[in-house]
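Novice: Pasted the sequence and its predicted model underneath.
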Number of protein chains: 2
Amino acid sequence: MTKKGKAVVLVSGGLDSATVLAMAIAEGYECYALAFDYGQRHRAELDASREISVALGCEAHKVVALDLRTIGGSALTDDSIDVPEEKAQGIPVTYVPARNTVFLSLALGWAEVLGANSIHIGVNAVDYSGYPDCRPEFIAAFEAVANLATQLAVEGQKMHIHTPLMSLSKADIIRRGIVLGVDYGQTVSCYQANDNGLACGVCDSCRLRAEGFLAAGVSDPTKYA
Amino acid sequence: MTKKGKAVVLVSGGLDSATVLAMAIAEGYECYALAFDYGQRHRAELDASREISVALGCEAHKVVALDLRTIGGSALTDDSIDVPEEKAQGIPVTYVPARNTVFLSLALGWAEVLGANSIHIGVNAVDYSGYPDCRPEFIAAFEAVANLATQLAVEGQKMHIHTPLMSLSKADIIRRGIVLGVDYGQTVSCYQANDNGLACGVCDSCRLRAEGFLAAGVSDPTKYA
């Protein structure tokens, strides 16, 4: 297969980004996986991120340390805010202020160092938690920034932000990943997984994931605590 | 004076951002200073950032840890690349990939937590080092992102990115700061200052600074090694 060039893929360790990575590799991109040690509640997803990236055949896997706890403002980065067990009205407390903007910015920095012309991120506007930075108009605006911010941009190279899951249901995402050989047993979606990567089964992310497997008619490989 | 509301001000510890902070305070903003421990060559600028922020009367000063050395690609974040002593042709090796995008993203996150509607940054398109992420079109594009990325944006609040130095010469910046009471002896501009904050006197940043004091007709308070 002809290589499409280098791509930075945001691989959180969850179900969505694992699927994005499998799709990018299947399309022929030379993939560089990026994860963030940002002060999230558990490290199990970072272990999952590395395991999946190796299993799917990335060129490299990088974890950037970034202390979002200094800023706080989210149940994921402030232990004094509990992770809710029921679906929220409006934007939930698990929303991390400007997280995707920060993550895409750092992906852009690494893309520039690598000479990569694409960044792949698993945002989704269907079965999602209502985060403002998952909307297509946000992604389009960030792509415009990416095409002005860097030395590559000054040299006339275009940067593309790929969001292949944007209009897929969770069930569609899972079906797509299964075809591409993703082992979802390696992924961790839970907001508050324990140190062994076992899921709580009650948070919003666990709920969306379980509903997705049910709707896809695929047996759920999630390991619950 | 009527308060204009809360503002996040990026205060690196250098001459430009100190002036931006003094201007924002003079305009009546309630200022929250933000600096980054991003793997830069010296910590003297972080000490300077705190000292200036306290001296000028910020509400708070925060340092976010962020390991840009993991990404590298710049003389400022990779010790294997020397800081040049002559003016570069094109974009110099001191350019840190996507740095202002990353910094503005984190400022945006803190602004959202604080409920601030403005971010102030000391980018300049006149006497600058040729960085792509200091251009007005980059700032405009980032402001568009900021107005889509957050919960505040969803609620209809506008975020403004202020760049009061954009069209000022270094001499103009210095003159403005002197009027506002900035003690430039507290600032560190050098890319490779030593642990005591003493400047090298030969890097691009030292050169621009020294030329600025000369052109402004102000005695240069910089302490050289």
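Specialist: In hand now; what should we look at?
Novice: Contacts only, for A:Pro164.
Specialist: A:20, A:23-24, A:120, A:122 (CB atoms under 8 Å, 6 or more residues apart in numbering or on different chains). Using the backbone N, CA and C atoms, a C-beta is placed for each residue, glycine as well.
Novice: Sorry, wrong one. I was asking about A:Ile71.
Specialist: A:77, A:97, B:62, B:64, B:106, B:109-110, B:113.
Novice: you'd agree A:Ala149 is up against B:Val96?
Specialist: No: shown here, A:Ala149 and B:Val96 do not form a contact pair, counting by CB atoms under 8 Å, at 11.3 Å.
Novice: More neighbours: the two, which one.
Specialist: Between A:Ala149 and B:Val96, counted using other CB atoms under 10 Å in any protein chain shown, A:Ala149 has the larger neighbour count: 30 against 25.
Novice: what is the nearest residue to A:Gly115 once chain neighbours are set aside paired to in the beta sheet?
Specialist: Spatially, and ignoring its direct neighbours in sequence, A:Gly115 is nearest to A:Lys6 (6.4 Å; CB to CB, 6 or more residues apart in numbering or on different chains). According to DSSP bridges, the partner residues bridging A:Lys6 are A:Glu30.
Novice: top of the contacts of A:Pro164 by neighbour count?
Specialist: Neighbour max across these (other CB under 10 Å) = A:Val20, 29 neighbours.
Novice: Which strand or helix spans that residue?
Specialist: helix A:15-26 (DSSP states H and E).
Novice: so what secondary structure elements neighbour that helix?
Specialist: strand A:5-10, strand A:29-37, helix A:44-56, strand A:118-120, helix A:170-179 (3 or more CB pairs under 8 Å, 6 or more residues apart in numbering or on different chains; DSSP states H and E).
Novice: After the fourth one, which helix or strand is next?
Specialist: So the one you mean is strand A:118-120. Toward the C-terminus, strand A:118-120 is succeeded by helix A:136-149 as the next helix or strand (DSSP H and E).
Novice: Any chance of the contacts of A:Ile71 in a markdown table with neighbour count and distance to A:Met159 as columns?
Specialist: Below are the contacts of A:Ile71 laid out as a markdown table (neighbours: other CB atoms under 10 Å in any protein chain shown; distance: CB to CB, whole Å):
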| residue | neighbour count | distance to A:Met159 |
| --- | --- | --- |
| A:Thr77 | 23 | 28 |
| A:Pro97 | 27 | 24 |
| B:Lys62 | 19 | 30 |
| B:Val64 | 21 | 25 |
| B:Leu106 | 28 | 20 |
| B:Gly109 | 28 | 22 |
| B:Trp110 | 23 | 26 |
| B:Val113 | 19 | 29 |
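Novice: From those, which one has the minimum pLDDT?
Specialist: Sorting the contacts of A:Ile71 by pLDDT puts A:Thr77 at the bottom of the list (82).
Novice: Let me know the distance separating that one from B:Ala146.
Specialist: 20 Å (CB to CB, to the nearest Å).
Novice: contacting residues around the one helix or strand in chain A whose mean pLDDT sits lowest?
Specialist: When each helix and strand of chain A is scored by mean pLDDT, DSSP states H and E, helix A:151-154 comes last, with a mean of 89. With contact meaning CB under 8 Å, 6+ apart, helix A:151-154 is reached by A:111-112, A:115, A:117, A:146-147, A:159, B:91, B:95, B:97, B:132.
Novice: pLDDT below threshold where in chain A?
Specialist: Counting by pLDDT under 70, chain A contains low-confidence ranges at A:1-2, A:88, A:127-129.
Novice: Only alpha carbons, please: show stretch A:217-225 as PDB.
Specialist: These are the backbone C-alpha positions of stretch A:217-225, laid out as PDB (Å, rounded to 0.1, in the frame of the first residue of the first chain):
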ATOM      1  CA  GLY A 217     -24.600  -6.500  18.600                       C
ATOM      2  CA  VAL A 218     -21.000  -7.100  19.700                       C
ATOM      3  CA  SER A 219     -20.100  -8.800  23.000                       C
ATOM      4  CA  ASP A 220     -18.700  -6.200  25.400                       C
ATOM      5  CA  PRO A 221     -15.100  -7.000  26.300                       C
ATOM      6  CA  THR A 222     -15.000  -4.300  29.000                       C
ATOM      7  CA  LYS A 223     -13.600  -5.500  32.300                       C
ATOM      8  CA  TYR A 224     -15.600  -4.000  35.200                       C
ATOM      9  CA  ALA A 225     -14.500  -3.600  38.700                       C
END
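Novice: check contacts around A:Leu148.
Specialist: Contacts of A:Leu148 (CB under 8 Å, 6+ apart): B:132-133, B:135, B:137-138, B:141.
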